[in-house]
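Colleague: A predicted structure for the sequence below; I have some questions about it.
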Amino acid sequence: MHITLTVNGKQREADVPSAATLVELLREHLGLVGTKVGCGHGECGACTVLLDGEPVNSCLVFAAQCDGREVTTIEGLRRNGALDRIQNAFVDAGAVQCGFCTPGMIMSAAALLASNPKPSRDEIEEAISGNLCRCTGYVKIVDAVELASAGTVSDRAGSD
Ligand code: FES
Ligand code: FES
């Protein structure tokens with residue numbers, strides 16, 4: 001089926017099988033491989049993206065459900081070629097090891113900070129509770145989101 005949607009602020013079109021998931025659309029049809037696939041069935045949060053501003057597991061959403069809607073992926077957080085504050089905060093806090101969970105964690109954090117700019121640690125833990133990390137433990141990840149909310153982060157250029 002043919003779908004049209006807005007991805008990271010740009011209108012995109014694709015022909016996808018009716019059973020294709022949003023993460024398949026992003027990675028295989030649109031070349032946006034920043035979004036990761038871990039479990040493939042809604043358990044790990046690695047595939048988290050924003051759908052009309054709300055975090056979703058993109059392995060559980062059909063691409064067809066996204067027709068006419070707006071999707072933001074990890075690639076869409078950069079502004080003018082620079083990493084955004086949450087991405088920088090994850091690096092500053094040492095919250096990235098293998099990095100596989102990181103895009104999903106950052107998208108969950110982005111949704112939280114958009115609605116609650118100064119969350120408590122409990123609120124941060126709740127917001128990322130659907131995102132599993134097998135490497136770092138969660139202390140540095142929560143530290144990173146706190147750092148991002150405080151705005152005291154380094155600036156780094158992003159790359160395509
Ligand atoms: S890959 Fe989607 S929740 Fe694990
Ligand atoms: S940094 Fe490896 S899974 Fe989280």
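Modeller: Ah, there it is. Ligands and ions are numbered 1, 2, ... in the order given.

Colleague: Give me the residues contacting the longest helix along the chain.
Modeller: Counting residues, the longest helix in the chain under DSSP state H turns out to be helix 102-115. In this structure, residues lying in contact with helix 102-115 by C-beta atoms under 8 Å, 6 or more residues apart in numbering are 34-36, 44-50, 53-55, 72-74, 77, 84, 86-87, 90, 95-96, 119, 123-124, 127-128, 130-131, 133, 141, 144-145, 148-149. For glycine as for every other residue, the C-beta is placed from the backbone atoms N, C-alpha and C.

Colleague: So which residues on the protein come close to ligand 1?
Modeller: For the chain, the contact set with ligand 1 under C-beta under 6 Å from any ligand atom comprises Val37, Gly38, Cys39, Gly40, Gly42, Glu43, Cys44, Gly45, Ala46, Cys47, Asn57, Cys59.

Colleague: follow-up on the earlier one: could you point out the helix or strand that follows the longest helix of the chain?
Modeller: Past helix 102-115, further along toward the C-terminus, the next helix or strand under DSSP states H and E is helix 121-127.
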